[in-house]
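S.K.: fold the following, please.
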Amino acid sequence: MTLDLNKIAEFDSPFLVDEEGNVHETKGIYAPSVYVYCDEDGQIEGEPEIDAKGWSFVNGYSGQYSYAGPIMHPSEFLGGRMARDVLETPGVYVLCVVIDIDDSEDLIGWVLLEREAN
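M.R.: Down below sits the predicted model:
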């Protein structure tokens with residue numbers, strides 16, 4: 001199943017995980033933008049923000065030292081426990097890059113978002 005997840009899960013392309021753990025492309029659902037504010041030294045100030053309603057952060061998977069927030073380091077990937085948990089939890093997900101609101105060229109990392117049930 002993880003192979004299917006990695007084939008379909010691309011940045012800014014929402015995907016559906018069904019009750020059997022199968023991964024499907026979605027239509028009519030669009031990825032939001034995710035951004036943070038950084039200080040002059042490039043350190044993140046506050047929490048990341050999503051520019052659209054109906055999405056929430058998936059937390060607790062980063063391997064960064066003493067960090068359990070939603071932002072994954074650019075070198076991390078959708079795999080391991082995170083991938084297993086996604087495949088075991090039906091819903092709509094999307095991978096999004098996280099940018100500095102004041103410098104859209106500055107890649108901070110990435111997040112996995114889950115669409116909230118209606």
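S.K.: now do the buried residues in the longest strand belonging to the chain.
M.R.: Scanning the chain for the longest strand, with DSSP state E as the assignment, gives strand 103-115. Neighbour-count burial for strand 103-115, with 16 or more other Cβ atoms under 10 Å as criterion, is recorded at 108, 109, 110, 111, 112, 113, 114, 115. C-beta coordinates here come from the backbone N, C-alpha and C atoms, glycine included.
S.K.: surely the first one touches residue 43?
M.R.: Meaning residue 108. No. If you go by Cβ atoms under 8 Å, residue 108 and residue 43 don't touch, sitting 10.4 Å apart.
S.K.: in this structure residue 83 contacts residue 5, no?
M.R.: Yes. Using Cβ under 8 Å, residue 83 is in contact with residue 5, at 5.7 Å.
S.K.: compare these two (neighbour count), which wins?
M.R.: residue 5 (21 against 18; other Cβ atoms under 10 Å).
S.K.: for residue 64, give me its contacts.
M.R.: Listed by Cβ atoms under 8 Å, 6 or more residues apart in numbering, the contact set of residue 64 reads residue 73.
S.K.: how close does it get to residue 33?
M.R.: 22 Å (Cβ to Cβ, to the nearest Å).
S.K.: repeat for residue 57
M.R.: 14 Å.
S.K.: need the overlap of contacts for those two.
M.R.: residue 50.
S.K.: what about residue 9, how many neighbours?
M.R.: 22.
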